[in-house]
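**Q** When you get a sec, could you give me coordinates for this:
(2 chains, ligands or ions: 1)
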Amino acid sequence: MAVDAKQLAAERAARLKAAVELKEPDRVPFTGIGGDVIAAYAGITSYEFNFDYEKQCQAIIKYVKDFPSDQPVIGMTGLGNHVASMAFSDYPDLYPIISRVDGPTNDILGVDYCRFPGRELDENSSPQFIGREYMSAEEYDELIADPVKFCFEKILPRIVRAFRDMKAPEAHAAMARLALEKAKAGAAMRDMFRQLQELGYAPGGLSVFFAPLDFIGDQLRDIPNLIKDLRRYPDKVKAATEAVLEPLLKVSVNAKGPGVETAMIPLHLNEYLSPALYNEFYWPTLKEGILRLAELGMKSQVFFEGRHDAHLETILELPAGWGTAYFEKTDVRKAKKLLQGHTCIMGGIDVGMVISSTPAKLDEYIKEILGEMMPGGGFILAPNIGNLPRETPIENIRAVYEAVEKYGKY
Amino acid sequence: MREELLKSFVDMDEQEAVRIARELVESDGGAVAVLETCKEAMEEVGRLFEAGEYFLSELIAAGDMFNQIMEFTLPKLQGDEVASIGTMVLGTVQGDVHNIGKDIFKVMAEASGINVIDIGIDVPHEKFVEAIKEHKPELVGMCCLITLGVDSMKRTIEVIKEAGLRDDIKIIIGGGRVSQAVMEHVGADAWADDAARGVRLSKELLGKE
Ligand code: B12
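**A** Numbering: from 1, shown residues only, chains lettered A, B, ... in the order given. I've put the predicted structure just below:
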């Protein structure tokens, strides 16, 4: 890394760190905005972005060069393979190999819930995750008794076509091919990180953790079933959230690495649940997870998807400085009133506006939101949703970056 | 008994509500009473949701109860007893696979008397056109939860226009990504990001409220 690139990386990291520590940095930290538009900007299809490592890397580097921020914008390069991560949680060295499904990986594994552009989908679609019921209500006891074993023996064969029969040669061949493919992908990734370093970004990334009830809803039962389970088998559901907590934490530790000190926790069921259900089934094990991650040396960045308004106050049960609350539809101004001095707040850019508004209006909007959110520090500017579609007008994206440059100084 | 059914339904007592409905449906004129009471209950649940007292967990549970009860009630009704106030073709737009919100809206719309033709998720533009030609609905509902879906709705509406069908229908959009600005951007007639409001506006578009 050249000296000025090193310095730039240090400045950027310091900016983000200051905000998490509830201080005022030199400028407002800005994560950048991107997504499917990264491929479009480079003139390649989403299929190419998802299947050709070299083109993907070139597209990301081009975008990051033209749109610099405090974190490199990578876009959506695959989907999580969370059941596999849990099934192999006792093998930390395998985490980079089994934790994500990208285009080539999916060709090898055949993951039931994944669809990719240029395969099942149009060549310019986003990858899709379509979950369904992989575990029946009768199987709660097995899940509770040993979640890792249960995920390996029962769920993985239902989700991964190549693992239908773990004793069959097909499964072993897939594992070997997966390792070979990931070696190729790893080389491309290292090349990308090297180029990102030259552009002033320290190597790093995010670990991941799930609210135990979300893991059960998204990966095993399917959300509508789980909502009914809460009334039909409340004790089993509760016991299951407690049982999956430990292995989920193990996976987060497996995902930790050099420069990876923050765990991203995307929440799904928060918006669905009444405060009574939230406080009984969701929050206790999520809260415990956040506290345990802190003991394990990780700050949490919780993405409160949807409207979290009904549960905002529970955040105050965490110790001040615990981490970052990233909001989607909850008004960050409202959150600030409650959480200032306790929790770093992240969000603020309405992606819908970036897609359909005009540069002049966006300038005005960023000015306003920064004017309200910056004072007192503890704020990270980010899009409320991480994915700008291919059709997003580039002049709108540019307007956001220019406005941050103009109005983002403390 | 109607009172008890209403109360247990609105209080989310699934077992009790289903038990009473089963009993009531066997009595003279009972099926009509069950249907009307359940519609009333769904309306009340929607009202509590809009008032912030109920959440999606309650909407899903209520929708499930409604479906369970209708399964044994509808076969006992005569055709004219289930008269609808209008037809809606409903689908999640191309590129988007989220279905839970659409399904919740669907049950609430059905409970309010709208005949809903559900054409699924990730629905190609042409499929909307075909469904409009086939079912001749007064309303078209589009659901969209991802940013990508915004342009998808826009294109779907363009394709409907090109097919010369736009003037025959009213279009309402719903789901997490919709707003007044998105409605104007895509050229729809109404928008709602909650089911209760969506049903209210749909009825307005049908001239029934
Ligand atoms: C649950 C969920 C999922 C589930 C979906 C389960 C299912 N079968 O639907 C799963 C896990 C499968 C999933 C998958 C994905 N998801 Co998702 N998901 C969510 C989540 C958490 C909740 C969505 C939801 O169900 N809300 C509750 C329902 C009831 O609300 P609703 O749909 O708005 O419906 C209400 C009203 O709008 C109205 N309504 C609904 N339809 C209609 C229709 C009409 C006509 C009317 C009038 C009213 C109406 O009634 C409903 C009740 O009030 C949201 C975040 C959030 N909280 O919003 C992300 C979110 C929508 N997902 C997101 C993403 C990115 C994805 C994936 C791409 C993720 C991935 N990387 O794997 C894939 C989807 C791929 C694709 N191409 O579609 C993003 C979208 C970002 C974007 N691009 O814009 C969101 C916003 C999360 C985020 N903040 O990043 N997801």
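
**Q** Stretch A:318-326: end-to-end distance?
**A** When the termini of stretch A:318-326 are compared using CA to CA, to the nearest Å, they are 15 Å apart.

**Q** which strand of chain B spans the most residues?
**A** Looking across chain B with DSSP state E, the single longest strand is strand B:86-92.

**Q** Can you name every helix or strand that that one contacts?
**A** For strand B:86-92, the packing partners by 3 or more CB pairs under 8 Å, 6 or more residues apart in numbering or on different chains; DSSP states H and E come out as helix B:100-111, strand B:114-118, helix B:125-135, strand B:139-143. For the C-beta atoms, the positions are set from N, CA and C on the backbone; glycine is no exception.

**Q** Most tightly packed of those?
**A** strand B:139-143 (a mean of 28; mean count of other CB atoms under 10 Å in any protein chain shown).

**Q** and that strand with the ligand, contact?
**A** Yes - for strand B:139-143 and the ligand, the contact criterion (CB under 6 Å from any ligand atom) is met by B:141, B:142, B:143.

**Q** Test my guess that the last one contacts residue B:177.
**A** No - Residue B:143 is not in contact with residue B:177 according to CB atoms under 8 Å; the separation is 9.4 Å.

**Q** out of the residues of strand B:139-143 next to the ligand, who's nearest residue A:289?
**A** The nearest member of the residues of strand B:139-143 next to the ligand to residue A:289, counting by CB to CB, is residue B:143 at 31.9 Å.

**Q** Give me every residue in chain A lying close to the ligand.
**A** So chain A meets the ligand at A:79, A:126, A:128-131, A:218, A:223, A:268, A:271, A:305-306, A:328, A:385-387 (CB under 6 Å from any ligand atom).

**Q** which ones among those are found in helices?
**A** Secondary structure from DSSP state H places residue A:223 of these in helices.

**Q** Keep only the residues of chain A next to the ligand that also lie close to chain B.
**A** A:126, A:128, A:129, A:130, A:223, A:271, A:306, A:385, A:387 (CB under 8 Å from any CB of the partner chain).

**Q** nearest to residue A:99, of those residues?
**A** Nearest to residue A:99 among those, with distances taken as CB to CB, is residue A:129, at 14.5 Å.

**Q** count of neighbours near the closest one?
**A** 14 (other CB atoms under 10 Å in any protein chain shown).

**Q** before we move on, what about residue A:96?
**A** Residue A:96 has 15 nearby residues by other CB under 10 Å.

**Q** Where does it sit: helix, strand or coil?
**A** With DSSP: H, G, I helix; E, B strand; the rest coil as the basis, residue A:96 sits in helix.

**Q** gap between the closest residue to it other than its chain neighbours and residue B:156?
**A** Leaving aside its sequence neighbours, residue A:96 sits nearest to residue A:182 (CB to CB, 6 or more residues apart in numbering or on different chains; 6.7 Å). Using CB to CB, to the nearest Å, one gets 39 Å for the distance from residue A:182 to residue B:156.

**Q** which of the two has more neighbours?
**A** Using other CB under 10 Å, the more surrounded residue of residue A:182 and residue B:156 is residue B:156, with 28 against 20.

**Q** So what touches the host helix or strand of that one?
**A** Using DSSP states H and E, residue B:156 sits within helix B:148-162. Defining contact as CB atoms under 8 Å, 6 or more residues apart in numbering or on different chains, one finds that helix B:148-162 is touched by A:36, A:125-126, A:352, A:355-356, A:387, A:389-391, B:92-96, B:125-126, B:128-129, B:132, B:140, B:142, B:144, B:166, B:169, B:171, B:173, B:175, B:177, B:182, B:185-188.

**Q** for stretch A:217-233, same thing?
**A** A:82-83, A:131-135, A:137, A:140, A:143, A:155, A:210, A:213, A:216, A:236-237, A:268-269, A:272, A:277, A:281, B:12, B:14, B:56-57, B:60-61, B:64, B:100, B:103.

**Q** And that stretch, how far out from the chain middle?
**A** 22 Å (CA atoms, centre = their mean, to the nearest Å).

**Q** ok so, going back, is it possible to mark the buried ones in the contacts of stretch A:217-233?
**A** By neighbour count, with 16 or more other CB atoms under 10 Å in any protein chain shown, these hold A:82-83, A:131, A:134-135, A:140, A:143, A:155, A:210, A:213, A:216, A:236-237, A:268-269, A:272, A:277, A:281, B:12, B:14, B:56-57, B:60-61, B:64, B:100, B:103 as buried.
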